[in-house]
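Engineer: Sequence plus the predicted model coming up.
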Amino acid sequence: GAVVSQHPSRVICKSGTSVKIECRSLDFQATTMFWYRQFPKQSLMLMATSNEGSKATYEQGVEKDKFLINHASLTLSTLTVTSAHPEDSSFYICSAPEREGPHSVYNEQFFGPGTRLTVL
Amino acid sequence: LAKTTQPISMDSYEGQEVNITCSHNNIATNDYITWYQQFPSQGPRFIIQGYKTKVTNEVASLFIPADRKSSTLSLPRVSLSDTAVYYCLVGDWVNDMRFGAGTRLTVKP
């Protein structure tokens, strides 16, 4: 199937710094990507929908100034956690649907491997 | 948005068939039903998707009754490696990529 990558896979940073996480669709184009965060033993929580060439749509309760999303190309979306604090420590996952091509299933999302963020 | 309800956890033994049911009473006409599997510290992985009746692939079957208000994921002859969290999602890919609580399946030897 199609592949979505994330970079970095793991990051440790100091409180107050900003961290950028990249999500790439490797063999298909993605006009839409989704960003999630997941705390231990909990489900994935949708944070925002990233749209290529336009502003992201954030879920209720997610601070758009805190979690900056940029979807500048059809294969790359970035999530920047600004002024990170320990409570932002979590597992961040992105996903993208492939709309065309041999892997296309109506509602199939391809998920990245996730990024483990630890804020000290 | 179609909300989903699944059992929080299930236990099984190697070689058994496991059936996980998901309730989605307010499913819309255009909604599809998709199941994902997630291992710890990994992104979810697509298992199967269906709209109505029965769908089968190399890893699972999905049973959907005529009223589509529920669906059952069937895993034949599970192994230890099937221990994971299984999520049922209902909707279209644009608007309904919100996960429910999922079912934590533990397969025992």
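Structural biologist: Sure, I can see it.
Engineer: List the contacts of the closest residue to chain A within chain B.
Structural biologist: Nearest residue of chain B to chain A, counting by CB to the nearest CB: B:Gly43, 3.3 Å away. Any C-beta I mention is one placed from the backbone N, CA and C, and that applies to glycine too. Contact analysis of B:Gly43 by CB atoms under 8 Å, 6 or more residues apart in numbering or on different chains lists A:4, A:6, A:93, A:95, A:111-114.
Engineer: could you redo the last one with a cut-off of 7 Å?
Structural biologist: By CB atoms under 7 Å, 6 or more residues apart in numbering or on different chains, the contact set of B:Gly43 is A:93, A:111-114.
Engineer: do the same with B:Phe99
Structural biologist: A:43-44, B:87, B:89.
Engineer: Swap in 6 Å and give it another go.
Structural biologist: Residues near B:Phe99 by CB atoms under 6 Å, 6 or more residues apart in numbering or on different chains: A:43-44, B:87.
Engineer: Same list, these, but as JSON lines with pLDDT, neighbour count and distance to A:Tyr36 please.
Structural biologist: Listed next are the contacts of B:Phe99 as JSON lines, based on pLDDT from 0 to 100; neighbours: other CB atoms under 10 Å in any protein chain shown; distance: CB to CB, whole Å:
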{"residue": "A:Ser43", "pLDDT": "94", "neighbour count": "16", "distance to A:Tyr36": "9"}
{"residue": "A:Leu44", "pLDDT": "94", "neighbour count": "27", "distance to A:Tyr36": "4"}
{"residue": "B:Tyr87", "pLDDT": "96", "neighbour count": "24", "distance to A:Tyr36": "11"}
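Engineer: What strands flank the host helix or strand of A:Tyr36, and is each parallel or antiparallel?
Structural biologist: Here A:Tyr36 is covered by strand A:32-38, with elements defined by DSSP states H and E. Strand pairing for strand A:32-38, using DSSP bridges, gives strand A:45-51 (antiparallel), strand A:90-97 (antiparallel).
Engineer: follow-up on the earlier one: out of the contacts of B:Gly43, who's nearest B:Pro76?
Structural biologist: A:Phe111 (24.2 Å; CB to CB).
Engineer: with the contacts of B:Gly43 in mind, which one is nearest to B:Ser70?
Structural biologist: A:Phe111 (24.8 Å).
Engineer: excluding its backbone neighbours, what's nearest that closest one?
Structural biologist: Nearest residue to A:Phe111 in three dimensions, chain neighbours excluded: B:Gly43, at 3.3 Å (CB to CB, 6 or more residues apart in numbering or on different chains).
Engineer: follow-up on the earlier one: and of the contacts of B:Phe99, the nearest to A:Val19?
Structural biologist: For the contacts of B:Phe99, the nearest to A:Val19 is A:Leu44 (19.1 Å; CB to CB).
Engineer: quick one: that closest one from B:Ser71, how far?
Structural biologist: 19 Å (CB to CB, to the nearest Å).
Engineer: cool, and B:Ala101?
Structural biologist: Counting by CB to CB, the separation of B:Ala101 from B:Ser71 is 16 Å.
Engineer: Which one of the two is surrounded by more residues?
Structural biologist: B:Ser71 (25 against 15; other CB atoms under 10 Å in any protein chain shown).
Engineer: I figured A:Ile12 was touching A:Val119, is that so?
Structural biologist: No: A:Ile12 is not in contact with A:Val119 according to CB atoms under 6 Å; the separation is 7.9 Å.
Engineer: Compare those two (neighbour count), which wins?
Structural biologist: A:Val119 (20 against 12).
Engineer: and that one, what does it touch?
Structural biologist: A:13, A:15, A:84-86, A:88-89.
Engineer: out of everything not next to it in sequence, what's closest to it?
Structural biologist: A:Ala84 (4.5 Å).
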